[in-house]
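K.L.:
Okay, sequence plus prediction incoming.
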Amino acid sequence: HTEGQTWQQQQQKAAAGGANDVSTTTTTSSSSSVWSPHSGKKRRGLSSYSADERQRLSGLYHQLCASYPKSLACHRIPLDFLVSDEFVSAVDAYVRRFLLRGIPSLFSDLKPLYADTDKAAALQSLFESYAAALRDSGSLPPLKTNGSNSSSNGPLSSSSRQQQNGGLSGEDNPLTWVLHYLSQHYDRLGDQDKALQLNAEALQLAPDVIELLLTKARVLKHTGDVVGAAAAADAARKADLADRYTNSMAVKALFAAGQVEAAEQTAMLFTRDGDQLNNLYDMQHMWYEVRCGDAHLAAGHLGKALKKYTAVAKHFSDFAEDQFDFHSYCVRKLTLRAYIGLLRMEDRLHNHPFYIRAAVGAVRCYLALHDAPAAAAAASAADEATLAALSPEERKKEKLRRKKEEKQRQREAEAAAAAAAAAVEAEAAKHRNSSGGGAEGKQQKKKTSTRPPDPDPDGVKLAATDNPLQEATKFVVMLTQAAPGHLESQLAAAEVYGRKGRRLLEAAAVKRAQNIAGPDHPDVHRAIVHFAQRVSSDPPSNPVVQQLVQGLLPTLLGDAADVQAYAQAYSKQHSSSSSSLAHQAAAAEMLALLDPAAK
């Protein structure tokens, strides 16, 4: 009678009718249905049970734990709906296996519980007690037995095993993994100083554990120390040169730190010799291309950034073209369900996060190219005025000094890039030589690239477009059609249409951005101020558009009488130290924009 029932239906029946009614059907369900509550929405439904329903479900899972003591699912699922002391005793019994065996994924497993602040506080108290007991006596505290679902999940939680942990060291010491969990816990709560302190203590116990080094890199990234994060991620990579995952994490961290040359050389350690760049493009490593484009954009290399962003857009164009061959195949083979899935995928193809990031990055590049001539002209005029104030002899000396400084900067940059490339290449050679027999023979058999050379490897032609706004509009149209619910899409549309003088389209984009993220978001605040200033300085010539735009302004500005009052109110609201740096920076930028004399 329970055939075809969903996991939710079985859970609801257990809560309403008792544990005995569904114990048999639940134990025979597949592993995917057992773990289905961890999909997010279903987990939130578990926390809404009444006390009586929680008691019945607890009894059900207590029976399942007794029947299947090695099943992690039977111990993990109750943590979603148990509360108070029952939750503490259940999670205490659950986590000990992970700590004693040194399983580093414990925090990822328990991370969904942090949606409940009470459970997050209980986890902090529990793990702090673990750390204190391990520091003092070298063993975990006694197992808590409150609640009906606190049975131990295996023999590793026994007190006899706990008493043997005092002599363990390194990654075999449970204290290492308790500190590892607490480091991630405090990082999640925003206390990065405490997280780094605990991570450093864990690294003293096990300095070569990759998970600890990656956690250090993650925490440093959250503090804004991208250079330190890159160094920690690279140290984790060097701990296991054959690990592709740590190599990828190091590449991401190096790109975030602006060390493009080192990141590229590190990524090429796992590519085919002689054809590295084309190999990465052929394998459609979009995460690599997006992050490389971000690094080039941050460094001001717009051509190279556009080269990477447009490569991602080309991948999605290839996806769309490849679908045409599948239409006739599905009709011919009558694979109708796969065909329906294909049609649905076509509707959301350009809603993919990689395409959105690449398209937004390309729009930023084109906007920078559009703004560059005016900025360059202003800088050139200021420079000419400075030189004109000097005497002819002083002017000649000043020009010579600038040329020498420019050449010195170029030499230093080339030397640093060459040193980084040489270090990575030496490490790669060492890695290849240590790989064992037949390595040289395999390298000789590798085929050389038959691809013709790229006529524009640095994106110079892409950056030399005559109409950057027109190129940016192509991406904006696709973003607003395929991903209208993303804040980045609307902000990019507002920037492009604002520069093109399309006030109605800009107003619509700003309004949608406000609906998505709220008026308190820093980027939304910037968009509103820019829009209001453009309307004030360059009002629409069409009276109908003028009327619509003027009618929308009060909705965007709220209670403020004008944009100046709106910016001042926002700055006052976020003047305290409790506001984030992003909010304070947005407030200061917009005040300086409206009143340049206040800089």
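P.N.:
Looks like it came in fine.
K.L.:
And Lys70, how close does it get to Leu57?
P.N.:
21 Å (CB to CB, to the nearest Å). C-betas here are computed from N, CA, C, even on glycine.
K.L.:
who has more neighbours, the two?
P.N.:
Leu57 (23 against 11; other CB atoms under 10 Å).
K.L.:
Settle this for me: the more buried one is touching Cys74, isn't it.
P.N.:
No. Applying CB atoms under 8 Å, one finds Leu57 not in contact with Cys74, separated by 11.7 Å.
K.L.:
Now do the helix or strand hosting His530: everything it contacts.
P.N.:
Taking DSSP states H and E as the definition, one finds His530 inside helix 522-537. If you take CB atoms under 8 Å, 6 or more residues apart in numbering as the criterion, helix 522-537 is touched by 487, 491, 494-495, 498, 503, 506-507, 509-510, 513-514, 517-519, 549-550, 553, 556-557, 562-563, 566-567, 570, 582-583, 585-587, 589-590, 593-594.
K.L.:
Can you give the distance from it to the centre of its chain?
P.N.:
Counting by CA atoms, centre = their mean, to the nearest Å, helix 522-537 is centred 28 Å from the centre of its parent chain.
K.L.:
For Ala569, grab the count of nearby residues.
P.N.:
Neighbour tally, Ala569, other CB under 10 Å: 15.
K.L.:
thinking again about what came up before, okay, and which of the contacts of helix 522-537 map to helices?
P.N.:
487, 491, 494-495, 498, 503, 506-507, 509-510, 513-514, 517, 549-550, 553, 556-557, 563, 566-567, 570, 582-583, 585-587, 589-590, 593-594 (DSSP state H).
K.L.:
buried subset of those?
P.N.:
The neighbour count (16 or more other CB atoms under 10 Å) marks 487, 491, 494-495, 498, 503, 506-507, 509-510, 513-514, 517, 549, 553, 556-557, 563, 566-567, 570, 583, 586-587, 590, 593-594 as buried among these.
K.L.:
Show the average pLDDT along the strand or helix carrying Pro373.
P.N.:
Taking DSSP H and E as the criterion, Pro373 maps to helix 353-388. Per-residue pLDDT over helix 353-388 has a mean of 77.
K.L.:
Ala513: what's its closest spatial neighbour, skipping adjacent residues?
P.N.:
Nearest residue to Ala513, sequence neighbours excluded (CB to CB, 6 or more residues apart in numbering): Gln490, at 4.0 Å.
K.L.:
Low-confidence bits of the stretch 101-250 of the chain, can you list those?
P.N.:
Residues of the stretch 101-250 of the chain meeting the criterion pLDDT under 70: 145-169.
K.L.:
which residues of it fall in helices?
P.N.:
Secondary structure of the stretch 101-250 of the chain by DSSP state H, counting those that start in this stretch: the helices cover 106-110, 117-137, 159-162, 174-189, 192-205, 210-223, 226-239, 244-256.
K.L.:
For the second one, which residues meet the burial criterion?
P.N.:
By that I understand helix 117-137. So, applying 16+ other CB under 10 Å, buried residues of helix 117-137: 119-120, 122-123, 126-127, 130-131, 133-134.
K.L.:
Kindly report the same for the fifth one.
P.N.:
Residues of helix 192-205 classed as buried under the neighbour-count rule (16+ other CB under 10 Å) are 192, 194-196, 198-199, 201-203, 205.
K.L.:
Just give me the neighbour total for Ser489.
P.N.:
Neighbour tally, Ser489, other CB under 10 Å: 27.
K.L.:
returning to what we had before: may I have the helix holding His530 exported as CSV, CA atoms only?
P.N.:
Taking C-alpha atoms only, helix 522-537 is exported to CSV below (Å, rounded to 0.1, in the frame of the first residue of the first chain):
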residue,chain,number,x,y,z
PRO,A,522,25.4,48.7,-2.4
ASP,A,523,25.2,48.1,-6.2
VAL,A,524,21.5,48.9,-6.3
HIS,A,525,22.3,52.1,-4.4
ARG,A,526,24.9,53.0,-7.1
ALA,A,527,22.5,52.3,-9.9
ILE,A,528,19.7,54.4,-8.4
VAL,A,529,22.1,57.4,-7.8
HIS,A,530,23.6,57.1,-11.3
PHE,A,531,20.1,56.9,-12.9
ALA,A,532,18.7,59.9,-10.9
GLN,A,533,21.8,62.0,-11.8
ARG,A,534,21.5,61.2,-15.5
VAL,A,535,17.8,62.1,-15.5
SER,A,536,18.7,65.4,-13.8
SER,A,537,21.6,66.3,-16.1
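K.L.:
what's the angle from that helix to helix 503-517?
P.N.:
160 degrees (axes from the mean of the first three to the mean of the last three CA atoms, to 10 degrees).
K.L.:
what angle do helix 522-537 and helix 581-594 make?
P.N.:
Comparing the axes of helix 522-537 and helix 581-594 via the same axes, to 10 degrees yields an angle of 10 degrees.
K.L.:
Could you shift the numbering so residue one becomes 428, and keep it that way?
P.N.:
Got it, the first residue is 428 from now on, which makes the last one we talked about helix 949-964.
K.L.:
Now do helix 949-964, average pLDDT.
P.N.:
Rounded mean pLDDT across helix 949-964 is 89.
K.L.:
hey, C-alpha coordinates of the one helix or strand Ala690 maps to in PDB?
P.N.:
Secondary structure from DSSP H and E places Ala690 in helix 687-694. Provided in PDB are the C-alpha atoms of helix 687-694 (Å, rounded to 0.1, in the frame of the first residue of the first chain):
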ATOM      1  CA  VAL A 687      48.000  35.300 -13.800                       C
ATOM      2  CA  GLU A 688      51.300  33.900 -15.100                       C
ATOM      3  CA  ALA A 689      51.800  31.600 -12.200                       C
ATOM      4  CA  ALA A 690      48.100  30.500 -12.400                       C
ATOM      5  CA  GLU A 691      48.400  29.600 -16.100                       C
ATOM      6  CA  GLN A 692      51.600  27.700 -15.600                       C
ATOM      7  CA  THR A 693      50.100  25.800 -12.700                       C
ATOM      8  CA  ALA A 694      47.000  24.900 -14.700                       C
END
